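Engineer: when you get a sec, could you give me coordinates for this:
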Amino acid sequence: MWGMGMSEKEELFTKVLLVGVDTGEEQDFEHSMEELSSLAEAAYKQVAGVIVQRMDRVNKALYIGTGKVVEVKEYASQCGAEEIVFDNALAPSQVRNLGKELELPILDRTNLILDIFARRAKTKEAKLQVEAARLQYMLPRLVGMRENLSRQGGTGGSMSNKGAGETKLELDRRKIEHRISELKKELEQVSRTRGIMRKRREQSRIPQVALVGYTNAGKSTILNRLVERYGEGREKTVLEKDMLFATLDTSVRSIHTGDNKPFFLADTVGFIHKLPHGLVEAFHSTLEEVKYADLIVHVADFSDGHHRQQIEVTENTLRELEAADIPRIMVYNKADKSEIQELPRRRGDCLYMAAKAGCGLEELLDLIKEKVYADFVDRCFLIPYDKGNISAYLMENAVVLEQEYRENGQYIRAKCHLQDAEKYKIYES
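Structural biologist: Below you'll find the predicted structure:
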């Protein structure tokens, strides 16, 4: 396995039993369980079996019915499961009760996502964000999670010790609360730094574009192909893997189109069904790149039979981030795996393409420029020679169509931002 350390290699063989409850409220329950299995594999766990129960509503105390608890315990023993993974977020009391009844570590969907995020985090910012989310999740579940802390990579040290009683739990609680407070302060500083960098980009008037979408839709592939062709070269590419949550860090790259219409392109963390709210909160500073974007490029995996539901999940998350009103284009990636012929194909603000094969990149670039440079106007200026800084600004930030050195100044005809046209209106020729 790629970059796998010994601990990850060992955990690959941790056998888990998946348990789901179908109340009829889930739009596609079977797919949700398939996704849970993929999450388990991404967390280096081997799915030994699956048990599903159909109920009108979940059991408040045990999530599943009391009779089903017996069945789960027996089946876990038969298939050699070392952990039980439930399809939804469990309440602290449910974790505690299930742990007592099943006598095995209890995990839920949120556990798996947090575990994957912890493994994938590479930068200091991502690691801080993941740690904050994990501790926030752990805090109300301390009593039921004591047996799980060390196995799930808890916080180490004395907080992983077992059976130390109520006093020890209270000590753990205070330590976790103190660490959360420390993390919040560090993340606030990181957020301020990111804000300063974003402010500089805004001042440059270069448009900002954000790639968003469901995890594994191909956002990083699109970023990498554009960076290789129009950006800073292969050394500025990001991790690109066919796996859930391969990329956690929001990477911003400069795209130079060759016609003086550059833009910043941000690759963001992928979304998923039932993405824990705590993770959205913890990754707030990086996800703000979406909130402040001039254009959102919504990427969907067109070859996935559930891409419509995935688009809906992404749209709901964008609303949660207060980014629903930002202009966007829709990219149906991996369309070469579908029945659509003659790629790339554009329909209005939608583009069907195959980024991995390099199909549709030019069309995507044209579509982005068309959107982010819509506010640019054609103007003629005569800039006095003692205002060379203005000439230099226009040469760098506008699409220069004509230029000529005249007796009383430099003549420039350019497509520039409407705000710049107003700012330098006194030099119009």
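
Engineer: output the contacting helices and strands for the strand or helix carrying Arg96.
Structural biologist: Using DSSP states H and E, Arg96 maps to helix 92-102. Counting contacts by 3 or more Cβ pairs under 8 Å, 6 or more residues apart in numbering; DSSP states H and E, helix 92-102 packs against helix 66-79, strand 83-86, strand 106-108, helix 142-145. All C-beta spots, glycine's among them, are computed from the backbone N, C-alpha and C.

Engineer: try 7 Å this time
Structural biologist: Under the contact criterion of 3 or more Cβ pairs under 7 Å, 6 or more residues apart in numbering; DSSP states H and E, helix 92-102 touches helix 66-79, strand 106-108, helix 142-145.

Engineer: run through the bridge partners of the closest residue to Tyr385 other than its chain neighbours.
Structural biologist: Once flanking residues are discounted, Tyr385 sits nearest to Gly409: 5.9 Å by Cβ to Cβ, 6 or more residues apart in numbering. On the basis of DSSP bridges, Gly409 is bridged to Arg406.

Engineer: can you get me a residue count around Gly409?
Structural biologist: Neighbourhood size, Gly409 [other Cβ atoms under 10 Å]: 18.

Engineer: let me see the contact set for it.
Structural biologist: Leu382, Ile383, Pro384, Tyr385 (Cβ atoms under 7 Å, 6 or more residues apart in numbering).

Engineer: same question, Lys45
Structural biologist: Taking Cβ under 7 Å, 6+ apart, we find Lys45 in contact with Thr14, Val16.

Engineer: distance of it relative to Leu98?
Structural biologist: 18 Å (Cβ to Cβ, to the nearest Å).

Engineer: quick one on the thing from earlier: please tell me how far the residue nearest to Tyr385 sits from Leu382.
Structural biologist: 5 Å.

Engineer: quick check, nearest of the contacts of Gly409 to Pro276?
Structural biologist: Among the contacts of Gly409, Ile383 lies closest to Pro276 (Cβ to Cβ), at 54.2 Å.

Engineer: what's the closest one in contact with, if anything?
Structural biologist: Residues in contact with Ile383, defined by Cβ under 7 Å, 6+ apart, are Ile390, Ser391, Gly409, Gln410, Ile412, Tyr427.

Engineer: skipping its backbone neighbours, what lies nearest the last one in space?
Structural biologist: Excluding its sequence neighbours, the residue lying closest to Tyr427 (Cβ to Cβ, 6+ apart) is Phe381, at 4.6 Å.

Engineer: secondary structure class for the one you found?
Structural biologist: strand (DSSP: H, G, I helix; E, B strand; the rest coil).

Engineer: pLDDT and distance to Val52 added to the contacts of Gly409, as JSON lines?
Structural biologist: Output for these, formatted as JSON lines (pLDDT from 0 to 100; distance: Cβ to Cβ, whole Å):
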{"residue": "Leu382", "pLDDT": "95", "distance to Val52": "75"}
{"residue": "Ile383", "pLDDT": "95", "distance to Val52": "72"}
{"residue": "Pro384", "pLDDT": "94", "distance to Val52": "77"}
{"residue": "Tyr385", "pLDDT": "94", "distance to Val52": "78"}
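
Engineer: which of those residues tops the neighbour count?
Structural biologist: Ile383 (22 neighbours).

Engineer: tell me the spacing between that residue and Glu428.
Structural biologist: 10 Å.

Engineer: likewise for Gly388?
Structural biologist: Distance check for Gly388 against Glu428: by Cβ to Cβ, it reads 18 Å.

Engineer: cool, Thr317 as well?
Structural biologist: To Glu428, Thr317 is 44 Å away according to Cβ to Cβ.

Engineer: out of the two, which sits in the more crowded spot?
Structural biologist: Set side by side, Thr317 and Glu428 show more neighbours around Thr317, with 20 against 10, by other Cβ under 10 Å.

Engineer: so the more buried one touches Gly270, yeah?
Structural biologist: No: the criterion here is Cβ atoms under 7 Å, and Thr317 misses it with Gly270 at 10.0 Å.

Engineer: quick revisit: which one of the contacts of Gly409 sits closest to Arg229?
Structural biologist: Nearest to Arg229 among these: Ile383, at 33.4 Å, using Cβ to Cβ.

Engineer: any idea what that closest one is bridged to?
Structural biologist: Judged by DSSP bridges, the bridge partners of Ile383 are Gln410.

Engineer: circling back: closest one of the contacts of Gly409 to Phe263?
Structural biologist: Nearest to Phe263, judged by Cβ to Cβ, of those is Ile383 at 25.3 Å.

Engineer: all set, thanks.
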